[in-house]
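Colleague: Using only what follows, build the 3D model:
(2 chains)
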Amino acid sequence: MNDNKLILIVEDSDDDYYATNRAFKKDGNLSNPIVRCEDGQEALNYLSQEWTPSHPKPAMILLDLNLPGLDGRLVLKEIKSTRRLANIPIVVLTTSDDEKDIEECYDLGANTYIQKPVKLDSLFDAVQKLKDYWFQIAILPKGD
Amino acid sequence: MHIDVESTGKRFKLSFIVVFICVLLSMLASLWVWQLADNQEKHLIKLTAIAKSELIEHQFINSMPAIISALERMRNRWVAREGPPFEEWRLDAQDYVNDHAGLRAVEWVNSEYVVKWVVPLQGNESAVDLDLSFEKNRLKALERAKVSKNFSLSKPVQLVQGGKGFLAYFPIYIHGRFDGFILGVFDISQLVDSLLPHEFINDYNIEVLSEGSVMFSKVEAGMQYDESTGFSHSFALHGVDWELLLWPKQSRISVDDSDIHYIALLNGLFVSFLAGIASFYLIKSRMSERIISAQDVEHKATLDNAIDGIITIDAHGVITSINNSAVNIFGYAKEESIGKNFSVFMPKAHRGECDQNLIDDLTSGNKKIIGTGQRVKGQRKNGQIFPLDLGVTGFRVAGEQFYCGVVRDISKQVAMEREREQLIERLTKSNEELDNFAYIASHDLKEPLRAIQNHAGFLKEDYETELGEDGVYKLDRLVYLGSKMEQLISNLMYFSRLGREEQSSKQVNMDEALSHVLERLTESLQEHNVEVFAEALPNVVGNQTRLEELLYNLITNGYKYNLSEHKSINVNYDLERHAFCVKDNGIGIDAHFKTEVFRIFKRLNSNKKFGEGTGAGLTFAKKIVEQHKGKIWFESELGKGTSFYFTLKESEVENE
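Modeller: Modelled structure (predicted):
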């Protein structure tokens, strides 16, 4: 039943998106729909529309920080300060391991902060764990 | 120029003594002059006394023969008339008495030495019928005259009429028959009085002595004869010795020896004293002037040799003095600047305004400008505008307000400051670039690297069978090298982050820090068969996380490059070197590499022999130590081991 929940991936890099997407689809265990936004503005556009069956509310957002145009931090801030979006778990998935970035993201309301693993195995492992945690262990608010 | 105030003081004392002695001498001179005048006065009085006394003697001696010859004539008439009638004789005698003041009476004494006739009778009654033989002086004179048949003067006698006097006996012989004497009675008082006009001797004491007894005395009560002012003179008259004493009365002395002398004396003393005081103050002021002028010279020299320019202006901004440094700074000669308004030193554009502002500031007592230094613009004579530091202080001299400006040409400082600022700016910019570089390294370099890794992974996943064993090996190598590069980039990032990090200064328990590190390393230590010996470490001030990383790097370094069977690491604080020490029994480092070993990514040994590593551990260690203002060095013996020492404060360093 969790398989229906939409995962929104905000990622400008095609390579990274490919890797993440592939990690989610690995072994065919998960067939959640995935929507990709290439930049912050596109993500906010998606989130600002009415939820419909064909345009569902994401159950989780994977957010890159370094985005062209509207920065990931601003997207995070916007989502967390918008009442109807604030309860969507946001996983910051980024290259940076700078303490400042980590602190800032949690301050803005990020639910998890993950540094993009360099090794593919690690990425697969991390995504697998994310899926397990957010979709099987954690209890999320009911969708609108 | 140095002023020896002490020697000036000594000289002042000396001058004081000299003045004192002069005053004393001058006073003594006054006294001496006074004494001299006094003596001269006395001498004068004495001379007067001598003159008067001679005059008296002269009068006395000269008057006597006239009387004596008159009485002789009378006697001769008696002889010629052979005894005249009394009436006739009386008239004659009366004439003589009247004519001769000293002659008190004329008497006829009969041959029996009895006074028979006395003229005048009045006042001489006691002489009538007096027998003159009653007294030996008289008798002697009578006898002498009778025998010599010539007149004879008696010694001084007490007259029977009263008073003192002497008698002149003129024996009368009529045809050889003795008929008594004509007797002249001389009263000394009358005689002297008649001889000397009253005013002539009224200011002198006079005493006449004859044959040792006082005959006449007109002496002020209590006055004794004074040899210094008076005169005594002796002379003989018809066989009788006379002595005349003459000396001034008190009134005479006080007139001549009057207050004028004392006034003159006092005046002399007073003038001496005043002159002394005047000289004293004159010398004192001269001394002070000398000191002041010497100090002036010293102050002027000090001012002129001061590094800073010093300019004094009055309340209107007119320059009253300027020192050499200010002359050098502005290029105006002293004569050129003194008397001008100080605004000549200001750039033309600012002049009016600055001038007015400064004056306003000064007159309104604006504390902002007075006492504090401020940076203003000055203009040299050649027109060059330059920055200068200006400090102004106010002072009053004799009620007039002045201001003293201390100026310092700070063109060089300003230029240096500007250069420094530019350097800082460039450095900041370069640091920012470095930050950007770190950012690029973290994100932009890593991203494609990661993509390469990922795609290699996918390639392997999707085409493993097609690639074959050789192809898979090469892909694995690709992934491995990618991860290696990622590690290098991460280290570089970490290193740059260490450099940019703000130093936190908290108390750090190094024992606790070490135990954290050992906890983290537990597995690795077991794996490498390492034993760590830790001694108590002192507390330090610093960043705990970084200090733990420091220990971590030194410890791992200690057992990574270690071929001993029982690897051991000692951590302690070396009291001798005042430094922390991490000692291993590893392969040792050639002293040749003492700086090389700390260079980033520098590896002294091959990976194959000592396992994986980027060669950044010691670089991090050095950076962390330097961030704590400490030093790090090592002492090593090849094949036996290495001791790394580090301090965390400059003061603790006692190295190599």
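
Colleague: Report the mean per-residue pLDDT for stretch A:119-126.
Modeller: Averaged over stretch A:119-126, pLDDT sits at 84.

Colleague: contacting residues around the residue of chain B most remote from its centre?
Modeller: Of all residues in chain B, residue B:175 sits farthest from the chain's C-alpha centroid, using C-alpha atoms, centre = their mean; the distance is 112.9 Å. The neighbours of residue B:175, taking C-beta atoms under 8 Å, 6 or more residues apart in numbering or on different chains as the test, are residue B:82. Using the backbone N, CA and C atoms, a C-beta is placed for each residue, glycine as well.

Colleague: how much space between the residue nearest to the spatial centre of chain A and residue A:19?
Modeller: Among the residues of chain A, residue A:62 comes closest to the average C-alpha position under C-alpha atoms, centre = their mean, at 1.3 Å. The spacing between residue A:62 and residue A:19, counted by C-beta to C-beta, to the nearest Å, is 12 Å.

Colleague: and chain A, which residues reach chain B?
Modeller: Neighbours of chain B within chain A, by C-beta under 8 Å from any C-beta of the partner chain: A:13, A:15-16, A:18-19, A:22, A:66, A:95-98, A:116, A:118-121, A:123.

Colleague: Among these, name the ones in helices.
Modeller: Counted as lying in helices by DSSP state H, out of those, are A:15, A:16, A:18, A:19, A:22, A:120, A:121, A:123.

Colleague: Check what pLDDT the second one gets.
Modeller: So the one you mean is residue A:16. In the prediction, the pLDDT value recorded for residue A:16 is 87.

Colleague: That one - how many residues pack around it?
Modeller: Here the count is done by other C-beta atoms under 10 Å in any protein chain shown, and residue A:16 has 21 residues near it.

Colleague: That one contacts residue A:66, correct?
Modeller: No: taking C-beta atoms under 8 Å as the contact criterion, residue A:16 and residue A:66 are not neighbours in contact, 10.5 Å apart.

Colleague: which one of the ones in helices among the residues of chain A next to chain B sits closest to residue B:250?
Modeller: When these are compared for distance to residue B:250, the smallest value, 147.0 Å, is given by residue A:16; criterion: C-beta to C-beta.

Colleague: returning to what we had before: what about the residue farthest from the centre of chain B, distance to residue B:427?
Modeller: As judged by C-beta to C-beta, residue B:175 and residue B:427 stand 171 Å apart.

Colleague: Kindly report the same for residue B:22.
Modeller: Relative to residue B:427, residue B:22 is positioned 80 Å away (C-beta to C-beta).

Colleague: So the two - more neighbours on which side?
Modeller: Here residue B:22 and residue B:427 are compared on neighbour count by other C-beta under 10 Å; more neighbours surround residue B:22, at 15 against 10.

Colleague: Now do the contacts for the more buried one.
Modeller: For residue B:22, the contacting residues are B:275, B:276, B:279, by C-beta under 8 Å, 6+ apart.

Colleague: Surely it is in a helix?
Modeller: Yes: Residue B:22: assigned to a helix according to DSSP: H, G, I helix; E, B strand; the rest coil.

Colleague: Looking at it now. What's its pLDDT?
Modeller: Looking at residue B:22, its pLDDT is 84.

Colleague: ok so, going back, will you turn the ones in helices among the residues of chain A next to chain B into TSV that also has distance to residue B:583?
Modeller: Rendered in TSV, the data for those read as follows (distance: C-beta to C-beta, whole Å):
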residue	distance to residue B:583
A:15	48
A:16	47
A:18	51
A:19	46
A:22	50
A:120	42
A:121	39
A:123	42
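
Colleague: Buried only: go through those residues for me.
Modeller: When neighbours are counted using 16 or more other C-beta atoms under 10 Å in any protein chain shown, these contain these buried positions: A:15, A:16, A:19, A:22, A:120, A:123.

Colleague: For the residue nearest to the fifth one when sequence neighbours are not counted, report the pLDDT, please.
Modeller: Yep, that's residue A:120 we're talking about. On the basis of C-beta to C-beta, 6 or more residues apart in numbering or on different chains, the spatially nearest residue to residue A:120 that is not a chain neighbour turns out to be residue B:457, at 3.1 Å. Here the pLDDT value assigned to residue B:457 is 86.

Colleague: How many residues are close by residue B:457?
Modeller: By the other C-beta under 10 Å criterion, the neighbourhood of residue B:457 contains 21 residues.

Colleague: so what's it up against?
Modeller: In this structure, residue B:457 makes contact with A:119, A:120, A:121, B:479, judged by C-beta under 8 Å, 6+ apart.

Colleague: so which of the residues you listed comes closest to residue B:210?
Modeller: Compare each of the contacts of residue B:457 with residue B:210 using C-beta to C-beta and the shortest gap goes to residue A:119, at 170.5 Å.

Colleague: Let me know how buried that closest one is, in neighbour terms.
Modeller: Residues lying near residue A:119 (other C-beta under 10 Å) number 17.

Colleague: so what's it up against?
Modeller: Contact partners of residue A:119, counting by C-beta under 8 Å, 6+ apart, are B:453, B:457, B:479, B:483.

Colleague: and if we set it to 7 Å?
Modeller: The contact partners of residue A:119, taken as C-beta atoms under 7 Å, 6 or more residues apart in numbering or on different chains, are B:453, B:483.

Colleague: just residue B:53 next, same as before
Modeller: Residue B:53 touches B:231, B:233, B:244, B:246, counting by C-beta under 7 Å, 6+ apart.

Colleague: Just give the number of residues close to residue 64.
Modeller: Went with chain A since none was named. As a burial measure, the neighbour count of residue A:64 was computed by other C-beta under 10 Å and equals 27.

Colleague: you looked at the wrong chain, it should be chain B
Modeller: For residue B:64, using other C-beta under 10 Å, the count is 18.

Colleague: ok, for it, nearest residue in space, not its chain neighbours?
Modeller: Across the structure, with C-beta to C-beta, 6+ apart as the measure, the residue nearest residue B:64 apart from its sequence neighbours is residue B:237 (6.2 Å).

Colleague: again, but for residue A:94
Modeller: Looking at residue A:94 with C-beta to C-beta, 6+ apart, the closest residue is residue A:65, at 4.2 Å.

Colleague: Quick check, pLDDT for the nearest residue to residue B:381 once chain neighbours are set aside.
Modeller: Spatial nearest neighbour of residue B:381, chain neighbours left out: residue B:331 (3.6 Å); criterion: C-beta to C-beta, 6+ apart. On the pLDDT scale, residue B:331 is placed at 89.
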